[in-house]
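Asks: structure for the following, please:
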Amino acid sequence: ANQIADTLRSKDNFYISDITKKESRKNPYPPFITSSLQVEASRKLRFRPRRTMMLAQQLYEGIDLGAEGTTGLITYMRTDSTRLSEEVVSEARNFINEKYGGQYLPEKPKIYEQKNKKNVQDAHEAVRPTSLKYTPEFVKEFLDETQFKLYELIWKRFIACQMESARLETTTVSIASDEFVFRSSGTTILFDGYMTLYDEDLEEKDDQNGNGLLIPAGLEINQKMKLKELNPNQHFTKPPPRFTESSLIKELESNGIGRPSTYAMIMGTIIDRKYVEQIERKLIPTELGRKVNTILVKNFSNIFNVNFTAKMEEELDLIADGEIGYLKVLNDFYEPFSKTLKEVEANLEKIKCDKCGSDMDIKMGRFGKYLACTNYPGCNNIKSLKEFAPNGGAPEPTGDDCPKCGSKTVYREGKFGRFIGCEKYPDCDFTKIVTLGLKCPKCTDGEVISRRTKRGKIFYGCNKYPDCDFASWAMPKPKEEEEEAAADRDAHRKN
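Replies: Residues are numbered from 1 along each chain as shown. Predicted coordinates:
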């Protein structure tokens with residue numbers, strides 16, 4: 001690559017060998033169902049799925065709109081149907097025509113087919129505003145900040161789903177020099193259509209405007225070009241990114257796992273039980289989670305796989321349709337499960353004391369958890385839990401590259417807590433503090449990190465220390481969880 005780059009730098013005969021333009025259409029997204037609402041609220045508003053459903057419940061049950069009285073602002077929020085009533089679609093089309101003009105109104109109403117129609121329960125419509133007279137501007141004064149953000153998101157998605165598609169033009173320019181050809185593409189919006197109100201992709205990319213290419217107008221075939229800069233870059237295949245709550249919900253839905261009402265509960269359970277921890281919004285398996293997963297997959301491989309839950313959902317649908325008896329389904333599951341459970345309980349791996357052969361048990365000490373012989377005081381053998389950690393306690397990869405040397409980075413445990421370091425240490429001394437994705441409650445630009453005292457006790461402080469001296473024994477709650485807890489307290493007092 002460097003040899004080719006040197007050859008190119010010596011050339012001065014670059015010219016445009018080809019220009020192609022291709023027009024395409026970008027269609028609006030379907031109206032929200034439960035899963036897509038949770039995904040978008042997580043990605044755009046940084047709301048936990050549990051919180052999204054709590055706020056949606058409030059909008060559904062009703063908000064006091066003054067002279068209008070208590071009014072439900074959205075339809076039922078637990079649904080996997082994209083169906084919309086003809087009446088509300090007609091209202092939406094009139095609204096679009098009046099507010100945005102006829103060019104934004106499709107010739108016919110848009111109808112959205114469900115991807116997995118077989119498993120859809122079509123009793124409810126999609127999640128949408130109950131009436132188009134309750135615009136975001138109209139209801140804003142009656143909603144708190146979080147309620148308004150979610151309602152506005154639902155409103156925009158619904159209106160946009162009935163708007164005209166956007167028209168885009170992609171221009172590809174080929175620049176040649178002898179046997180070498182470079183290609184560059186850029187996209188221009190010819191007509192913004194629904195994107196004038198709602199665009200998922202633009203908001204998904206952090207820096208699209210900074211990274212996007214602008215192809216200048218007026219270019220012609222055979223036009224001479226001048227080489228300004230040439231950068232030979234090496235790229236490596238990256239592993240799949242860690243799940244976030246929103247991407248995990250997408251994965252569950254695509255595999256037919258769970259129902260609309262279960263996604264928020266699933267996210268809450270794996271975090272509350274400490275099977276995963278959230279670091280910079282990514283879900284990272286904990287040591288407990290890895291160990292539990294290893295035991296369950298090893299002993300219940302027929303249950304702990306992606307297809308099991310989807311298959312059970314299908315059987316439940318067959319029961320509901322009267323095509324199969326529920327007792328047969330229960331017996332087919334329980335009889336082999338009960339047998340396996342007894343075998344596992346009898347053969348579950350025990351950690352034996354290497355001094356006397358008795359079982360080792362987990363104890364809690366001043367410096368955390370450790371293993372101790374159950375034959376104490378006859379035997380006083382103790383062991384560090386690190387000896388029995390998954391992968392032998394090997395460093396866990398982060399999936400990112402080291403910005404200093406290009407190698408991989410890993411999670412490490414230091415004297416004062418967890419941090420990120422380079423796998424090439426000590427040859428590379430790059431380190432980075434692991435934040436918890438929480439803003440410091442004391443200063444404006446710091447983030448909360450976990451640290452340890454000299455005696456090993458965990459506390460929480462600001463990564464801007466010593467400029468900020470915030471410290472707490474209890475982990476601060478995210479702002480939205482504090483608001484959620486406050487709302488729960490207020491509701492409890494009212495009741």
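
Asks: so Y134 sits against L73, correct?
Replies: Yes. Under the criterion of C-beta atoms under 8 Å, Y134 lies in contact with L73, with a separation of 5.7 Å. C-betas here are computed from N, CA, C, even on glycine.

Asks: so what sits against both of these two?
Replies: Common neighbours of Y134 and L73, using C-beta atoms under 8 Å, 6 or more residues apart in numbering, do not exist here.

Asks: distance check, K457 against C422.
Replies: 28 Å (C-beta to C-beta, to the nearest Å).

Asks: more neighbours, Y134 and L73?
Replies: L73 (24 against 20; other C-beta atoms under 10 Å).

Asks: would you enumerate the residues in contact with the more buried one?
Replies: For L73, the contacting residues are 59-60, 62-63, 129-130, 134, 139, 151, by C-beta under 8 Å, 6+ apart.

Asks: could you rerun that using 6 Å?
Replies: Contacts for L73 were tallied using C-beta atoms under 6 Å, 6 or more residues apart in numbering; they are 59, 63, 134.

Asks: now do the contacts for E145.
Replies: Contacts of E145 by C-beta under 6 Å, 6+ apart: none found.

Asks: can you give me the pLDDT of it?
Replies: The confidence metric pLDDT takes the value 93 at E145.

Asks: backbone phi and psi for the residue of the chain positioned farthest from its centre, please?
Replies: Here the centre of the chain is the reference, and by C-alpha atoms, centre = their mean the most remote residue is G378, at 51.3 Å. In terms of degrees, to the nearest 10, the main-chain angles of G378 are phi -60, psi -30.

Asks: confirm that T146 sits in a strand.
Replies: No. Looking at T146 with DSSP: H, G, I helix; E, B strand; the rest coil, it is helix, so not inside a strand.

Asks: that one: how many residues sit nearby?
Replies: 21.

Asks: which helix or strand contains the closest residue to it other than its chain neighbours?
Replies: Across the structure, with C-beta to C-beta, 6 or more residues apart in numbering as the measure, the residue nearest T146 apart from its sequence neighbours is L55 (5.8 Å). When elements are defined using DSSP states H and E, L55 is found to belong to helix 49-61.

Asks: buried residues, that helix. List them.
Replies: Buried residues in helix 49-61, counting neighbours by 16 or more other C-beta atoms under 10 Å, are found at 49-56, 58-60.

Asks: kindly reformat those as TSV containing pLDDT and distance to A41.
Replies: Rendered in TSV, the data for the buried residues of helix 49-61 read as follows (pLDDT from 0 to 100; distance: C-beta to C-beta, whole Å):
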residue	pLDDT	distance to A41
P49	90	8
R50	88	11
R51	90	8
T52	93	4
M53	92	9
M54	92	11
L55	94	8
A56	94	9
Q58	94	14
L59	95	12
Y60	95	15
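
Asks: and which of the residues you listed is nearest Y465?
Replies: The shortest gap between Y465 and any of those belongs to R51, at 29.6 Å (C-beta to C-beta).

Asks: and G186, how far is that from E23?
Replies: Taken as C-beta to C-beta, the spacing of G186 relative to E23 amounts to 14 Å.

Asks: which one's more surrounded, those two?
Replies: Neighbour totals were compared for G186 and E23, and G186 leads with 14 against 10 (other C-beta under 10 Å).

Asks: excluding sequence neighbours, find me the nearest residue to the more buried one.
Replies: If you skip the residues right next to it in sequence, G186 has I215 as its closest partner in space, 3.7 Å away by C-beta to C-beta, 6+ apart.

Asks: could you say which helix or strand holds that neighbour?
Replies: I215 is part of no helix or strand, with elements assigned from DSSP H and E.

Asks: sketch out the low-pLDDT regions of the stretch 151-300 of the chain for me.
Replies: Low-confidence regions of the stretch 151-300 of the chain, defined by pLDDT under 70, span residues 200-213.

Asks: ok, now the stretch 1-150 of the chain?
Replies: The model of the stretch 1-150 of the chain has pLDDT under 70 over residues 114-123.

Asks: just the helices in the stretch 151-300 of the chain please.
Replies: Assigned helices in the stretch 151-300 of the chain, in chain order: 200-204, 208-211, 245-254, 263-272, 287-299 (criterion: DSSP state H, counting those that start in this stretch).

Asks: dump the ones you listed into a markdown table; add mean neighbour count as well.
Replies: Rendered in a markdown table, the data for the helices of the stretch 151-300 of the chain read as follows (neighbours: other C-beta atoms under 10 Å):
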| stretch | mean neighbour count |
| --- | --- |
| helix 200-204 | 12 |
| helix 208-211 | 9 |
| helix 245-254 | 19 |
| helix 263-272 | 17 |
| helix 287-299 | 14 |
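
Asks: output those in a markdown table; the columns should cover distance to G102.
Replies: Rendered in a markdown table, the data for those read as follows (distance: least, C-beta to C-beta, whole Å):
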| stretch | distance to G102 |
| --- | --- |
| helix 200-204 | 25 |
| helix 208-211 | 30 |
| helix 245-254 | 35 |
| helix 263-272 | 39 |
| helix 287-299 | 55 |
